[in-house]
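Visitor: here is my input; please provide its structure:
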Amino acid sequence: MSENKPFIGAINVTSSEVKCPGCGGTIGVKYDPESLNLTCPFCGLVSQLPQPGTVPAVQEIDFNSALQRASVNWGHVKKLIVCTNCGGQTLYDAEALTGACPFCGSTSVTPAAENPQIMAPQSVIPFAFSKEAAEQCFSAYMKRKHCLRRGVADSKLENVVGIYLPFWTFDSLTVSSYTAHHSTPVGETPYAGIWNNYFDDIILSASDKYRGPFIVKVQDFDFTKAVPYSPKYLAGIPAERYTVGLNEAWERAKTNMDEKIRKAVFRRYGINFHIESLISNYFNVKFRYTLAPVYFAKYTYKNRWFPVVINGQTGKAFCDAPTIIPFIVVPAVILLLLLILIVCVFYFVMLSGAAIG
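Guide: Numbers count the residues shown, from 1 in each chain. Have a look, this model is predicted:
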């Protein structure tokens with residue numbers, strides 16, 4: 001059974017920068033999602049980076065060896081910016097200048113003290129398309145929605161920001177013992193059993209600051225396309241620092257797995273099967289800390305703005321949108337209530353007439 005152990009880092013972040021291999025420049029060197037390469041604005045050199053799917057799969061780390069194997073080396077100096085409005089914590093290149101929070105747009109941001117024990121990711125899922133292409137993903141999503149109010153589908157994205165969000169994934173073999181009772185027409189029958197399962201890539205957000213409620217709707221990342229972490233993929237793109245630590249994430253993952261086990265047992269035995277207790281043991285637990293790409297944006301409709309989240313790898317989008325349904329449902333409900341009232345009045349009049357007669 002896996003045990004929870006505190007994480008203690010001992011490696012400092014290095015002072016190296018992302019440099020152009022041609023001219024050695026560091027300022028303005030950026031990762032380009034369109035070509036999936038590193039580009040230099042000075043000498044124009046385009047450097048080939050390892051492409052998703054062309055490198056060996058990123059190996060997950062055994063949970064119990066995290067103390068010995070986890071790295072805190074981000075590869076170059078990062079600075080932490082904290083938004084005093086929404087609390088977002090964002091990592092930027094040390095030389096980058098920013099005047100606004102990438103999540104809420106607030107300019108109330110302040111530098112924060114770095115923690116040298118912050119674990120660096122093992123892998124990163126690179127952005128697969130540009131901000132301009134994100135507009136196309138949004139338009140395609142809006143065109144698939146039904147019953148939209150006039151003009152909503154023609155809305156344009158505003159304030160598009162690409163950022164890497166932190167995620168934990170866990171693998172585990174589980175052996176669960178449970179007690180239950182089965183309701184039958186003649187009474188309740190006690191029951192006890194064992195349930196075995198293997199979970200692969202249980203996804204947990206590594207941040208308690210969800211920037212909008214929609215991230216879970218688009219986090220269907222393909223982790224087989226992750227590449228070994230390199231600061232080059234973060235050149236010019238901010239990354240959110242995790243606020244949910246490894247041990248806390250593991251506790252949440254266990255709760256997630258137990259819920260899935262309960263549902264699996266319920267599906268097997270039916271609605272008359274009631275689980276009273278469930279105790280799970282977890283074996284061969286492995287984890288992965290990955291940065292995954294997300295675009296945040298908004299659109300405006302009749303002086304109201306609506307947040308938009310787009311998966312920077314798959315293009316899956318999600319947002320709220322005004323529909324005509326309230327204009328249909330509300331009158332229909334009112335009409336139904338009026339009809340019920342008319343029928344009740346008519347019935348009352350008929351009964352009164354019959355009583356008088």
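
Visitor: make it CA atoms for all contacts and neighbour counts henceforth
Guide: Noted.

Visitor: do a quick rundown of the strands in the stretch 151-300 of the chain.
Guide: 158-184, 187-205, 227-228, 239-240, 273-301 (DSSP state E, counting those that start in this stretch).

Visitor: out of those strands, which one sits most buried?
Guide: strand 239-240 (a mean of 23; mean count of other Cα atoms under 10 Å).

Visitor: that one packs against which elements?
Guide: Using 3 or more Cα pairs under 8 Å, 6 or more residues apart in numbering; DSSP states H and E, the elements in contact with strand 239-240 are strand 89-93, strand 158-184.

Visitor: cutoff 10 Å now
Guide: Using 3 or more Cα pairs under 10 Å, 6 or more residues apart in numbering; DSSP states H and E, the elements in contact with strand 239-240 are strand 78-83, strand 89-93, strand 158-184, strand 273-301.

Visitor: pLDDT of the shortest one, averaged?
Guide: Strand 89-93 shows a mean pLDDT of 68 in the predicted model.

Visitor: which of the helices and strands packed on strand 239-240 sits closest to Cys137?
Guide: strand 273-301 (10.7 Å; Cα to Cα).

Visitor: the helix or strand following that closest one pairs with which strands?
Guide: Toward the C-terminus, strand 273-301 is succeeded by strand 304-311 as the next helix or strand (DSSP states H and E). Counting by DSSP bridges, the strands paired with strand 304-311 are strand 273-301 (antiparallel), strand 317-319 (antiparallel).

Visitor: I'd like the ones you listed as CSV, with mean pLDDT appended.
Guide: Formatted as CSV, these follow (pLDDT from 0 to 100):
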stretch, mean pLDDT
strand 273-301, 91
strand 317-319, 91
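
Visitor: partners of Val161 in the sheet?
Guide: Bridge pairing for Val161 - DSSP bridges - gives Phe296.

Visitor: before we move on, what about the one 4 residues further on?
Guide: The partner list for Leu165 in beta bridges (DSSP bridges) reads Ala292.

Visitor: please apply the same query to the one 4 residues further on.
Guide: Under the criterion DSSP bridges, Thr169 forms beta bridges with Ile203, Arg288.

Visitor: okay, the nearest residue to Asp320 once chain neighbours are set aside: pLDDT?
Guide: The spatial neighbour of Asp320 that comes closest, neighbours along the chain excluded (Cα to Cα, 6 or more residues apart in numbering), is Phe306 at 6.6 Å. Here the pLDDT value assigned to Phe306 is 89.

Visitor: nearest to Ile215, out of the helices and strands packed on strand 239-240?
Guide: Comparing the helices and strands packed on strand 239-240 by Cα to Cα, strand 273-301 comes nearest, at 8.5 Å.

Visitor: where does the stretch 201-350 of the chain have low pLDDT?
Guide: For the stretch 201-350 of the chain, the stretches flagged by pLDDT under 70 are 209-213, 324-330, 332.

Visitor: again, only using 90
Guide: When residues are selected by pLDDT under 90, those of the stretch 201-350 of the chain lie in 201, 204-217, 219-220, 223-225, 229-249, 265-276, 301-307, 319-350.

Visitor: ramachandran angles for the closest residue to Ile125 other than its chain neighbours?
Guide: Nearest non-adjacent residue to Ile125, counting by Cα to Cα, 6+ apart: Ala226, 4.5 Å away. Dihedral pair for Ala226: phi -70, psi 150, per degrees, to the nearest 10.

Visitor: how is this structure divided into domains?
Guide: 30-323, 329-357 (automatic domain parsing).

Visitor: which of these is buried the deepest?
Guide: domain 30-323 (a mean of 17).

Visitor: where along the stretch 1-150 of the chain do the helices fall?
Guide: In the stretch 1-150 of the chain, the helices defined using DSSP state H, counting those that start in this stretch lie at 66-69, 131-144.

Visitor: picking that back up, ok, which of the domains of the chain comes nearest Lys19?
Guide: Closest among the domains of the chain, once you apply Cα to Cα, is domain 30-323, at 8.8 Å.

Visitor: circling back to that earlier point, isn't the residue nearest to Asp320 up against Phe214?
Guide: No: using Cα atoms under 10 Å, Phe306 and Phe214 do not qualify as a contacting pair, with a distance of 11.5 Å.

Visitor: overlap in contacts of the two?
Guide: Both Phe306 and Phe214 are contacted by Cys319, Asp320, under the criterion Cα atoms under 10 Å, 6 or more residues apart in numbering.

Visitor: a markdown table for the strands of the stretch 151-300 of the chain, including distance to Cys83?
Guide: Below are those laid out as a markdown table (distance: least, Cα to Cα, whole Å):
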| stretch | distance to Cys83 |
| --- | --- |
| strand 158-184 | 15 |
| strand 187-205 | 19 |
| strand 227-228 | 29 |
| strand 239-240 | 12 |
| strand 273-301 | 16 |
